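Undergrad: the sequence and its predicted three-dimensional model are supplied below.
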Amino acid sequence: MTYEEAEELISSEVRSYVLSLEGRNGVIDSINGSSINMHTVYSRNLSEVIAEQNSFGWPAYIFKRHDYVIDTMLDYDEQLLKQEFKRLAFLQEENNIAPVNASISEYGENGYEIIPEQQGAKIIEDKLYTAIKEAVEVLKPKLFLEDLDCYEKPEITSEYPPLVQAVEEMNKLAGAKITYEFGEKIEVLDGSLISRWITVSDDFVVTFEPEEGIKQFVDYIGKTYNTFGKTRTFKTSYGEVIKVSGGDYGWWLNRPKEAEELLELVKSGAVLKKVPVYYQTAQQYGEDDIGDTYVEVNLTAQHLFFYKDGKLVVESDFVSGNLAKGYGTPTGTYPVQYKQRNAVLVGEDYETPVKYWMPFNRNIGFHDATWRKAFGKDIYKKNGSHGCINMPLEAAEKMYQEIQRGVAVIVYELPGTENYEVKNNDTVNQ
């Protein structure tokens with residue numbers, strides 16, 4: 001070869017150099033030596049080497065190896081390299097994906113969970129450029145970007161202690177489950193609601209503010225299940241269906257106390273069934289909160305029926321409040337407050353001992369009235385009581401033996417029953 005041919009051979013090998021690049025998500029690219037004008041630079045021309053040879057001894061060179069050392073270096077156009085670098089696929093918007101930090105999920109079936117970080121594929125450009133430049137200068141054939149540590153990393157990983165601690169704390173708070181049973185209906189306070197009261201800051205500080213939410217939940221229970229003083233539909237022993245309003249019988253939730261207890265349970269992460277705190281209870285839950293044990297008081301007929309577990313145990317005439325003097329017995333539904341033997345009833349103008357006392361409306365109640373010789377009819381209109389239900393001794397004693405605190409007393413008027421007489425002592429209110 002001539003020295004020109006030899007130099008061209010070497011330079012063509014350099015120009016055909018390709019640096020292959022392989023990155024994340026299957027993205028690949030390359031830089032060609034020819035694209036950056038890659039070439040060799042010699043310390044001296046090959047012609048000078050030829051000139052050093054002994055032209056008369058050249059036949060000997062055919063059979064003998066001779067090595068010559070020429071200082072040389074690779075050169076390229078760095079401006080072109082920078083241009084090639086900028087057009088690499090790894091730097092294009094669709095591939096240059098920023099990493100995503102680990103985070104906390106919304107509350108779900110499994111509570112709060114850590115959403116793992118995403119590595120993305122965001123290039124640290126100066127680091128990659130330096131690695132490419134160094135590879136080109138030694139004709140390195142391939143670079144794996146994953147090995148170069150040239151991708152941006154998420155700042156927060158799934159193992160980040162404050163993140164892990166925050167999720168544990170949030171799950172403990174949201175892990176409480178308080179179940180209420182109102183007859184066939186069930187209300188549950190659990191993470192689906194508690195999670196609304198939990199917040200977490202960007203630096204994973206957990207804040208729990210349940211007070212207002214618990215108050216609203218307790219208010220909901222009270223509004224939904226309280227029956228205190230409601231108007232009730234009642235089927236009388238006479239077969240008539242009437243509306244009875246007034247009175248203070250029924251479920252009455254102690255909202256402040258219930259909210260206080262519920263707050264402590266939620267904070268402790270308790271899982272349990274809870275009985276609400278009541279000022280007053282009824283016989284059962286549901287639309288019919290009276291049940292089948294109650295006293296039915298018909299002021300019009302001056303007659304009462306006491307049913308226990310659906311069976312009639314006492315039926316009796318009585319004398320109620322004196323209408324002429326304005327002491328009429330109030331209608332409504334009331335609970336028996338308590339029962340007492342040998343009580344003394346005291347008022348402005350009387351002090352009366354009785355053997356059986358069963359109040360249901362403040363100082364109005366059932367009691368024996370041994371001073372009376374007759375009961376029922378229209379006695380109450382002019383010669384009635386101060387509001388109490390005066391009963392024959394035997395009937396009062398029987399009622400006292402069978403009745404308990406909390407039993408409903410339904411007091412009503414029913415026109416058309418003024419002259420009612422007992423026809424069937426086995427009558428049962430269905």
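TA: That came through, no problem. Numbering: from 1, shown residues only.
Undergrad: now do the same contact list for the spatially closest residue to residue 317 that is not a sequence neighbour.
TA: Of all residues not flanking residue 317 in the chain, residue 376 sits nearest, at 3.1 Å (C-beta to C-beta, 6 or more residues apart in numbering). Quick note: C-beta positions are derived from backbone N, CA and C, even for glycine. The contact partners of residue 376, taken as C-beta atoms under 8 Å, 6 or more residues apart in numbering, are 301, 302, 303, 317, 318, 319.
Undergrad: look up which helix or strand residue 376 falls in, please.
TA: Secondary structure assignment for residue 376, by DSSP states H and E: no helix or strand.
Undergrad: helices along this structure, start to end?
TA: Using DSSP state H, the helices found in the chain span residues 3-15, 46-52, 58-63, 78-86, 125-137, 161-174, 191-194, 211-225, 255-267, 379-383, 393-402.
Undergrad: so for residue 147, which of the ones you listed sits nearest?
TA: Among those, the nearest to residue 147 by C-beta to C-beta is helix 125-137 (9.3 Å).
Undergrad: just to revisit the earlier point, show the buried residues in the contacts of residue 376.
TA: Buried by 16 or more other C-beta atoms under 10 Å: 301, 302, 303, 317, 318, 319, out of these.
Undergrad: look up how far residue 391 lies from the last one.
TA: Residue 319 is 8 Å from residue 391, where distance means C-beta to C-beta, to the nearest Å.
Undergrad: same thing with the fifth one?
TA: Applying C-beta to C-beta, one obtains 5 Å for the distance of residue 318 from residue 391.
Undergrad: now do the shared contacts for those two.
TA: With C-beta under 8 Å, 6+ apart as the test, residue 318 and residue 391 both reach 304, 375.
Undergrad: next, show the common contact partners of residue 319 and residue 391.
TA: What both residue 319 and residue 391 touch, as defined by C-beta under 8 Å, 6+ apart, is the set 369, 375.
Undergrad: can you pull out the strands in the stretch 201-350 of the chain?
TA: 206-208, 232-235, 241-244, 252-253, 271-273, 278-280, 294-298, 303-308, 311-317, 332-335, 340-347, 350-361 (DSSP state E, counting those that start in this stretch).
Undergrad: direction included, what does the longest one pair against?
TA: Looking back up the chat, that one is strand 350-361. strand 340-347 (antiparallel), strand 364-368 (antiparallel) (DSSP bridges).
Undergrad: now do the buried residues in that strand.
TA: Under 16+ other C-beta under 10 Å, the buried positions of strand 350-361 are 354, 356, 357, 358, 359, 360, 361.
Undergrad: make TSV out of those residues and add pLDDT and distance to residue 195.
TA: TSV is the format used below for the buried residues of strand 350-361 (pLDDT from 0 to 100; distance: C-beta to C-beta, whole Å):
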residue	pLDDT	distance to residue 195
354	98	58
356	98	56
357	98	53
358	98	50
359	98	48
360	98	45
361	96	46
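Undergrad: coming back round to it: could the helices of the chain go into CSV alongside mean neighbour count, mean pLDDT and distance to residue 37?
TA: As requested, these are exported to CSV (neighbours: other C-beta atoms under 10 Å; pLDDT from 0 to 100; distance: least, C-beta to C-beta, whole Å):
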stretch, mean neighbour count, mean pLDDT, distance to residue 37
helix 3-15, 14, 72, 8
helix 46-52, 13, 58, 21
helix 58-63, 8, 56, 35
helix 78-86, 14, 97, 6
helix 125-137, 16, 96, 12
helix 161-174, 17, 96, 51
helix 191-194, 19, 96, 66
helix 211-225, 16, 97, 71
helix 255-267, 17, 96, 72
helix 379-383, 16, 97, 122
helix 393-402, 18, 98, 113
